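Q: pasting a predicted model and its sequence here:
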Amino acid sequence: MATVQEAGSWTFTIRDRYGEDDEVILVPCDANDADADDVDAAGVRAWINRCTHEAQRFDTGRGVPIRDGALICPKHGSMFDACSGHCDNGEAADTTLPDVDIEIEDGDVYLTDGQVTFKHAGKIDEGDDSGPSSTSHIGL
């Protein structure tokens, strides 16, 4: 948990129940400033690493941009509360980030979401030598 607090975010890769890889971001959440009703007092939340508007990654390799307790979509600037995942502005207004269940024990973060399994630390392509996981959007 200290790593998340110091670095501002931490990214890891999961495999979902359909066998697809996805990225999760751990971000600091100040329970005193929280919008969520069920905020873990430990101060870390886990979200799927993409904006609800156009699936843009929050962490594009330089950490998650966060300002005043909100994750900022790097494409359109929508801001998501780090504790509740809710967005009330921009292109993603009135949406909420998909969360991933975690627990904090003695300062360590554990993945407890029964719908996913931990694959590796880092982004999808950082732990996989098999090549890109998707194709580009180039039209011919």
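A: Received the coordinates, thanks.
Q: contacts for the helix or strand of the chain with the lowest mean pLDDT?
A: Lowest by mean pLDDT, DSSP states H and E among the helices and strands of the chain is helix 2-7, with a mean of 79. Defining contact as CB atoms under 8 Å, 6 or more residues apart in numbering, one finds that helix 2-7 is touched by 10, 26, 27, 28, 43, 44, 63, 107, 109. Glycine gets a C-beta too; all of them are placed from N, C-alpha and C.
Q: buried residues in it?
A: For helix 2-7, the neighbour count (16 or more other CB atoms under 10 Å) marks residue 4 as buried.
Q: and residue 122, what does it touch?
A: By CB under 8 Å, 6+ apart, the contact list for residue 122 reads 11, 12, 13.
Q: tell me which helix or strand residue 24 sits in.
A: Applying DSSP states H and E as the criterion places residue 24 in strand 21-28.
Q: hang on, I meant residue 80
A: strand 79-81.
Q: what's downstream of that strand, the next helix or strand?
A: strand 86-87.
Q: helices and strands around that next one, which ones?
A: strand 79-81, strand 95-96 (3 or more CB pairs under 8 Å, 6 or more residues apart in numbering; DSSP states H and E).
Q: apply 10 Å and report the result again.
A: strand 70-72, strand 79-81, strand 95-96 (3 or more CB pairs under 10 Å, 6 or more residues apart in numbering; DSSP states H and E).
Q: highest average neighbour count across the ones you listed?
A: strand 79-81 (a mean of 23; mean count of other CB atoms under 10 Å).
Q: nearest spatial neighbour of residue 67, skipping sequence neighbours?
A: The shortest distance from residue 67 to any non-neighbouring residue, by CB to CB, 6 or more residues apart in numbering, is to residue 79 (7.4 Å).
Q: spit out the contact partners of that neighbour.
A: 65-73, 86-90, 92-93 (CB atoms under 10 Å, 6 or more residues apart in numbering).
Q: you'd agree residue 125 is in a helix?
A: Yes: under DSSP: H, G, I helix; E, B strand; the rest coil, residue 125 sits within a helix.
Q: isn't it right next to residue 21, touching?
A: Yes: judged on CB atoms under 10 Å, residue 125 makes contact with residue 21 at a distance of 9.4 Å.
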